[in-house]
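In: fold the following.
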Amino acid sequence: MKIIVVGPRGKMGKLITQVAASREDFELVGAVAPKGRDYIGMDLGTAAMVGRELGVPVTDDLESVIDRCDVIIDFSTKEMGMQVLDLAIAHKKALVCGTTGFSAEEMQRFKDAAKEIPMLYAANTSKLVNIMNKLLELVTATLKEDIDIEILEMHDQWKKDAPSGTSKEMGEIMARALGKELEDIAVYGREGACPREPGTIGYHSLRAGNIPSSHTVFFGGMGERLEITHHSYNWECFARGACDCAAYLEGKGPGFYTIQDVLGL
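Out: Here you go, the predicted model:
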């Protein structure tokens, strides 16, 4: 498969490039940086610290290289993500997007794009996180109103959105298991006199240092508590998952695909 990576010097884009460069079934044919970055024009292998040159210059113009690829992998910014989406639609290219922080209206644009291109959106491309999501669904569907649900998520000091896209997805899965919409039952932090309202899902976000990603869901019952936690030691697990998502789209027609489809969950 011929791959274009967007944001190849970001924390995810760099690792995705490194993983993609190591795969025999992938050929990196383009890399796109936000305008003004100092590594534009540099060889992709150098920019992403692959350890060797790849013969692919980094550009700031996706349209100039987009027709070379089969799939675009984008883990950049929400602003750049919308531009990438528009070009993917215009050129009928498959797209894997893992950027978070989109509004409901922006997410609808990704879903609408699936009518025209193979579109895979994944807030978290870790295999273990997505298996954790199945466990969360099982616990919530089994116990329903007999438990209180709280989510604690931790990320590095540079994380822009809160709560994280992964924790929002977890909340949506559990809300559906309760037959509700997350926006109707989510509570974000607490201060002062605020007793817990039954049936809600509480959110708590920590940002500190270079914590990669950590999510814990607390199921509180009377006299007992269940905690389900995922810790990532670094971002390599997400990069490998992102490349697996791109490989999954080979030969696929237009549609809205998810990491659950990739993992067969």
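In: pLDDT wise, what is Glu191 at?
Out: Per-residue confidence (pLDDT) for Glu191: 89.
In: again, but for the one 5 residues further on
Out: With respect to pLDDT, Arg196 has a value of 92.
In: I'd like the numbering to begin with 48 instead of 1 from here.
Out: With 48 as the first residue, the last one maps to Arg243.
In: phi, psi of it?
Out: Torsion angles at Arg243 (phi, psi; degrees, to the nearest 10) stand at phi -70, psi 130.
In: how close does Ile50 get to Ser260?
Out: Using CB to CB, to the nearest Å, Ile50 is found at 24 Å from Ser260. C-beta coordinates here come from the backbone N, C-alpha and C atoms, glycine included.
In: repeat for Glu228
Out: Counting by CB to CB - Glu228 and Ser260 are separated by 25 Å.
In: that older thread, of Ile50 and Ser260, who's got more company?
Out: Higher neighbour count among Ile50 and Ser260: Ile50, with 26 against 23, using other CB atoms under 10 Å.
In: need the three-state assignment for that one.
Out: strand (DSSP: H, G, I helix; E, B strand; the rest coil).
In: touching, it and Leu296? I think so.
Out: No - applying CB atoms under 8 Å as the test, Ile50 and Leu296 come out as separate, 10.6 Å apart.
In: between those two, what contacts are shared?
Out: Common neighbours of Ile50 and Leu296, using CB atoms under 8 Å, 6 or more residues apart in numbering, are 117-118.
In: helices of the stretch 48-197 of the chain, residue ranges please.
Out: 58-69, 91-94, 125-138, 151-160, 174-190 (DSSP state H, counting those that start in this stretch).
In: distance to Glu238 added to these, as JSON lines?
Out: Below are the helices of the stretch 48-197 of the chain laid out as JSON lines (distance: least, CB to CB, whole Å):
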{"stretch": "helix 58-69", "distance to Glu238": "32"}
{"stretch": "helix 91-94", "distance to Glu238": "44"}
{"stretch": "helix 125-138", "distance to Glu238": "28"}
{"stretch": "helix 151-160", "distance to Glu238": "26"}
{"stretch": "helix 174-190", "distance to Glu238": "26"}
